[in-house]
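Asker: sharing a model that was predicted from the sequence below.
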Amino acid sequence: MQRAILFLTKGEFIEAFKMYPAIYPMLYLHRVQTMGIYQSPKFIEISSDNG
């Protein structure tokens, strides 16, 4: 996996994929985790006051 990451940093994407095919899903999941896309939902409390 480390060689695949090295290939990615050099811009050799096909070689990285051939070396370690799971590198792209792992990078995607890492990016999702670091960007915080999957945050806990925030609920809005709606009051039922009629006036």
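Answerer: Nice, thanks for sending it over. Residues are numbered from 1 along each chain as shown.
Asker: so the spatially closest residue to Met19 that is not a sequence neighbour: helix, strand or coil?
Answerer: Of all residues not flanking Met19 in the chain, Ala4 sits nearest, at 4.3 Å (CB to CB, 6 or more residues apart in numbering). Placement of C-beta: from N, CA and C, glycine included. Following DSSP: H, G, I helix; E, B strand; the rest coil, we place Ala4 in the helix state.
Asker: list the buried ones in the lengthiest helix in the chain?
Answerer: Of all segments of type helix in the chain, defined using DSSP state H, the longest is helix 23-35. For helix 23-35, burial by neighbour count (16 or more other CB atoms under 10 Å) applies to Ile23.
Asker: which outside residues touch that helix?
Answerer: Applying CB atoms under 8 Å, 6 or more residues apart in numbering, the external contacts of helix 23-35 come out as 1, 4-5, 8, 16-17, 38.
Asker: out of these, which end up buried?
Answerer: Buried subset of these (neighbour count, 16+ other CB under 10 Å): 4, 8, 16.
Asker: redo the residues you listed as TSV? Include distance to Ile23 and pLDDT.
Answerer: As requested, these are exported to TSV (distance: CB to CB, whole Å; pLDDT from 0 to 100):
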residue	distance to Ile23	pLDDT
Ala4	5	84
Leu8	7	82
Ala16	6	84
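Asker: show the pLDDT at Lys10.
Answerer: Reading off the confidence values, Lys10 has pLDDT 91.
Asker: right, I'll call it a day here.
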